[in-house]
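>>> I would like to see how this sequence folds:
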Amino acid sequence: MIEENIKEIIKREHNNDNEQIEVIFSDKKRILVEAPAGCGKTKTMISKIAYMIATKQICNPKKILVLTFSVNAAYKIKKELSSILPSLLSRFLISPLEINNNVFVSNYHGFCRRILKLYGYLLDENLAKIEYLKGVDDDKPEKLVELKIGLPSEVADQISSYSDAIKTLNKKYLNKYFEYYIEKIKEYFLPNGYIPFNAILLLTLKLFSEYERILDFYRSYYPIIIIDEFQDTNILGWTLLKKLVTENTHLMIMGDSLQRIYGFIGAIPNIMEKAKQKFGLYEFKLSKNYRYNGNEDMLTLDKNVRKIAQNPLDPAIEKNAIVDILEFSNQIEEANGIISLIKKILGQTPSAKIAILVKQRSKNTSIILDLFGKNNISYFYALYSEEDVSYINFHQMLLQEFIDIVSTYKNRFNKTICNKIIQEARKIVNEKNEDKEIVNSLFYLFQIFLEKIFTDFNFLSMEEKIELIRDVLENKALKQYMGYIDANIIISTIHGAKGLEWEYVILPDLEQYSFPNWKGLCGKCRNKQECEIDWNQADSNFEKEFYEELNLFYVGVTRARKKVYFTWSKKRLNKNNKEEQTKLSCLLRLPGIIHRKNNAF
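Residues are numbered from 1 along each chain as shown. The predicted structure is shown next:
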């Protein structure tokens, strides 16, 4: 009776979406869910968890483990679970406390840090207080030497080379120097209060290899594992998952291979297919797009890009997507055209939210920002990536202040302490020569983030709130709070906008050598004269670069809820600041994409 009742409730919640319902009620032990943007992936996951809890598929003290790539995605899932699950399960006398006891949600680093806090002392006594260790990136040897922990330059080089091997998936190198890496982390970093981010996962893998009883405990403790955003998994996350999964583990993997845009930091190519083969996953696909329900232009564009990804040589295009591609003579005109477009949108809908998303900051971006100033157009600046020095320094500086102040207050946390952190951080920033535009933007994001701690995430315990702040700062994830910005206009990189959405999106610089750029696809293209993809001359490296660019293009397009505009210039400024002729990007010449006529400003 309980099973039938929960099924009826869930069916109503999902409007009888057969694809979602099939996933939720499936009795298959191992499944793969391919879920494009806007197809209700998170909602499906939460209902699946509700169904498993209601039908007693998991009982205390065992838990469902939900892992995801990013810290913000993990806490958004936590928030959804805390607000939706109780209402779904209230009829079955299942309390919120019982729900919390049944599910543990984290990103990979948070999960491993928790394990090391409990058992890390078996490897090194300093890991018993891992929450007080300062997280550092280990990809730049000069930065490691600057920590002043007595690290010889040759050891710093080796540690940094190990980080590079993670990004490039060099398994042979990783295996060969694994013990060396662990030894040097224990010798130089841990005794001096530091821990590299990669080391958090690597030390957990070391713990599991040396203490099999601990690994067996976690295998038993988490008989059901759900992985979200799986397309972004790197070799460390993949190795961890393979350790945790046994023949008895129930496994659900969710993601979208077309939204894999972190290849440059180690996201494994074709990881969804690898997992399918490795674990014998039964595949489900969610195809009904709720974000673009009734929006035929966006639905068709979304569908066509996905068809191209499936078969770029001969995509099964059923209907052309008609899109607005605004053409200009040069980049000054393009920037003015974007200003006119924004004014037109806001003139029609004053409350509209608009994002200008770029592949990377360019000369054209600077022209746009300059014209914003001249036209007194206010906007939120978010043109930073996780690799920008100022972006990294800001997070590390805040993290240090946070750790110091919270430890001073004996792990208490409230709004007064938050204000203290901000005040102290501002003093430090004023003493340093950081990019003020980036710093001011990040301070605003940090304040918004703290406000959300005491509103949206108020259901968390004090310890969990402290853990969330630490996770966000360690993972350099403040940019994910752009979705809460009040500004009508945001200008950001596409990478920074991943997971967010706005009503309107403008993608500028859709021309040869800009998007894609020379370092990406254009430098490897053998058909530069026509700026069209010639698959007869393409090699495997070219194909890899094509998918990297297509994935980024798709993520940019799907940040728009209502409409996406593309702009390009017939002449662009090259790296020598000279104007040169260029062509419309090959990405807008792909099959199934047609230019809407008479739409220029």
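>>> what's the end-to-end length of stretch 215-226?
For stretch 215-226, the first-to-last residue distance is 18 Å (C-alpha to C-alpha, to the nearest Å).
>>> flag every buried residue along that stretch.
215, 218-219, 222-226 (16 or more other C-beta atoms under 10 Å). (Glycine included, C-beta is placed from N, CA and C.)
>>> other SSEs contacting the strand ranked longest in the chain?
Counting residues, the longest strand found in the chain (DSSP state E) is strand 560-569. Secondary-structure packing of strand 560-569 (3 or more C-beta pairs under 8 Å, 6 or more residues apart in numbering; DSSP states H and E): helix 296-310, strand 321-328, helix 331-348, strand 502-507.
>>> continuing past that strand, what's the next helix or strand?
strand 571-573 (DSSP states H and E).
>>> Tyr173 is nearest to which of the helices and strands packed on strand 560-569?
Distance to Tyr173, taken as C-beta to C-beta, is lowest for helix 296-310 among the helices and strands packed on strand 560-569, at 30.8 Å.
>>> return the closest one as PDB; C-alpha atoms alone will do.
Coordinates of each C-alpha in helix 296-310 appear next as PDB, following Å, rounded to 0.1, in the frame of the first residue of the first chain:
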ATOM      1  CA  GLU A 296      10.100  26.500 -30.300                       C
ATOM      2  CA  ASP A 297      13.300  28.400 -31.400                       C
ATOM      3  CA  MET A 298      15.300  27.400 -28.300                       C
ATOM      4  CA  LEU A 299      13.900  23.900 -28.300                       C
ATOM      5  CA  THR A 300      15.000  23.400 -31.900                       C
ATOM      6  CA  LEU A 301      18.500  24.900 -31.400                       C
ATOM      7  CA  ASP A 302      19.000  22.800 -28.300                       C
ATOM      8  CA  LYS A 303      17.900  19.600 -30.200                       C
ATOM      9  CA  ASN A 304      20.100  20.400 -33.200                       C
ATOM     10  CA  VAL A 305      23.300  21.000 -31.300                       C
ATOM     11  CA  ARG A 306      22.700  17.700 -29.500                       C
ATOM     12  CA  LYS A 307      22.200  16.000 -32.900                       C
ATOM     13  CA  ILE A 308      25.400  17.500 -34.200                       C
ATOM     14  CA  ALA A 309      27.200  16.100 -31.100                       C
ATOM     15  CA  GLN A 310      25.900  12.600 -31.800                       C
END
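>>> for the record, mean pLDDT for that helix?
Across helix 296-310, pLDDT averages out at 92.
>>> break the chain down into its structural domains.
Following automatic domain parsing, one finds the domains of the chain at 2-111+211-285, 135-208, 315-379+489-595, 389-484.
>>> which stretch in these has the least confidence?
domain 389-484 (a mean of 81).
>>> next, the distance between the ends of it.
So domain 389-484: terminal residues 24 Å apart, C-alpha to C-alpha.
>>> kindly report the same for stretch 356-363.
This stretch, stretch 356-363, spans 15 Å end to end (C-alpha to C-alpha).
>>> can you list contacts of that stretch?
Defining contact as C-beta atoms under 8 Å, 6 or more residues apart in numbering, one finds that stretch 356-363 is touched by 331, 338, 365, 368, 383, 385, 489-494, 497, 505-509, 514-517, 552, 556, 559, 573, 577.
>>> check which helix or strand the closest residue to Tyr484 other than its chain neighbours maps to.
Once flanking residues are discounted, Tyr484 sits nearest to Ile448: 5.0 Å by C-beta to C-beta, 6 or more residues apart in numbering. Per DSSP H and E, Ile448 falls inside helix 436-453.
>>> tell me what that helix is packed against?
On a contact count with 3+ C-beta pairs under 8 Å, 6+ apart, helix 436-453 meets strand 380-382, helix 389-408, helix 415-431, helix 462-474.
>>> compute the inter-axis angle for it and helix 462-474.
160 degrees (axes from the mean of the first three to the mean of the last three C-alpha atoms, to 10 degrees).
>>> just checking, Pro591 touches Glu318?
No. The criterion here is C-beta atoms under 8 Å, and Pro591 misses it with Glu318 at 11.3 Å.
>>> neighbour count winner among the two?
Set Pro591 next to Glu318 and count neighbours by other C-beta atoms under 10 Å: Pro591 wins out with 16 against 10.
>>> and that one, how far from Thr582?
Counting by C-beta to C-beta, to the nearest Å, the separation of Pro591 from Thr582 is 22 Å.
>>> do Leu116 as well
If you go by C-beta to C-beta, the gap between Leu116 and Thr582 works out to 51 Å.
>>> more crowded one of these two?
Counted by other C-beta under 10 Å, Leu116 and Thr582 do not tie: Leu116 has more neighbours, with 26 against 18.
>>> quick check: the more buried one touching Ile130?
Yes. Counting by C-beta under 8 Å, Ile130 is a contact partner of Leu116 at 5.1 Å.
>>> can you pull the residues that touch both of those two?
With C-beta under 8 Å, 6+ apart as the test, Leu116 and Ile130 both reach Ile200.
>>> just give the nearest non-adjacent residue to Phe449, would you?
Going by C-beta to C-beta, 6+ apart, Phe449 has Tyr481 as its nearest residue, at 4.9 Å.
>>> could you do Pro141 as well?
Pro141 sits nearest to Ala156 (C-beta to C-beta, 6+ apart), 3.8 Å away.
>>> torsion angles phi and psi at the nearest residue to Asn574 once chain neighbours are set aside?
Nearest non-adjacent residue to Asn574, counting by C-beta to C-beta, 6+ apart: Glu580, 5.1 Å away. When read as degrees, to the nearest 10, the backbone of Glu580 gives phi -140, psi 150.
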